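**Q** Sequence first, predicted model second:
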Amino acid sequence: MATLNEKEKSALDKKIETINALNRQILDYTKAQYKACELQDEAEKSLQAFYEKLSKKYNKGNAIQINIESGEVTPVEDKEGE
């Protein structure tokens, strides 16, 4: 049975160490990405709930348009006749 010499063993250890470090980075990135997606979902739900609250206040629960720059709220007309 053959055995790696010190130079080969050192090179092998370094390559494995590099792969392990990259795998840890990928795991950290994946966790961060998952958390960001969770936070985005929560923020979207919060925004939707806020919109629904405003639509009740300004148009009896019917659709509204909100100008995010001026804060102007406009009821959306029902266009069934078109």
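**A** Happy to help now that I have it.

**Q** Any idea which residue is closest to the centre of the protein?
**A** C37 (2.7 Å; C-alpha atoms, centre = their mean).

**Q** Quickly find the element holding that residue.
**A** According to DSSP states H and E, C37 maps onto helix 6-59.

**Q** Show me what that helix is packed up against.
**A** Contacting helix 6-59 under the criterion 3 or more C-beta pairs under 8 Å, 6 or more residues apart in numbering; DSSP states H and E are the following elements: strand 64-66, strand 73-75. All C-beta spots, glycine's among them, are computed from the backbone N, C-alpha and C.

**Q** Dump those strands into a markdown table; add distance to K45, mean neighbour count and mean pLDDT as well.
**A** Output for these, formatted as a markdown table (distance: least, C-beta to C-beta, whole Å; neighbours: other C-beta atoms under 10 Å; pLDDT from 0 to 100):
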| stretch | distance to K45 | mean neighbour count | mean pLDDT |
| --- | --- | --- | --- |
| strand 64-66 | 17 | 14 | 96 |
| strand 73-75 | 21 | 13 | 96 |
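
**Q** where does the protein dip in pLDDT?
**A** For the chain, the stretches with pLDDT under 70 are 79-82.

**Q** make it 80
**A** Within the chain, the segments meeting pLDDT under 80 span 78-82.

**Q** and G61, that one's in a strand?
**A** No: G61 is assigned coil when assessed by DSSP: H, G, I helix; E, B strand; the rest coil, not a strand.

**Q** State the number of residues packed around it.
**A** If you count neighbours by other C-beta atoms under 10 Å, G61 ends up with 11.

**Q** What separation do you get for the residue nearest to the centre of the chain and L22?
**A** As judged by C-beta to C-beta, to the nearest Å, C37 and L22 stand 22 Å apart.

**Q** Next, the distance between the ends of stretch 61-78.
**A** The first and last residues of stretch 61-78 sit 13 Å apart, counting by C-alpha to C-alpha, to the nearest Å.

**Q** from the chain's centre, how far out does that stretch sit?
**A** Averaging C-alpha positions (C-alpha atoms, centre = their mean, to the nearest Å) puts stretch 61-78 27 Å from its chain's average.

**Q** got it, and stretch 71-79?
**A** Stretch 71-79 sits 30 Å away from the centroid of its parent chain (C-alpha atoms, centre = their mean).
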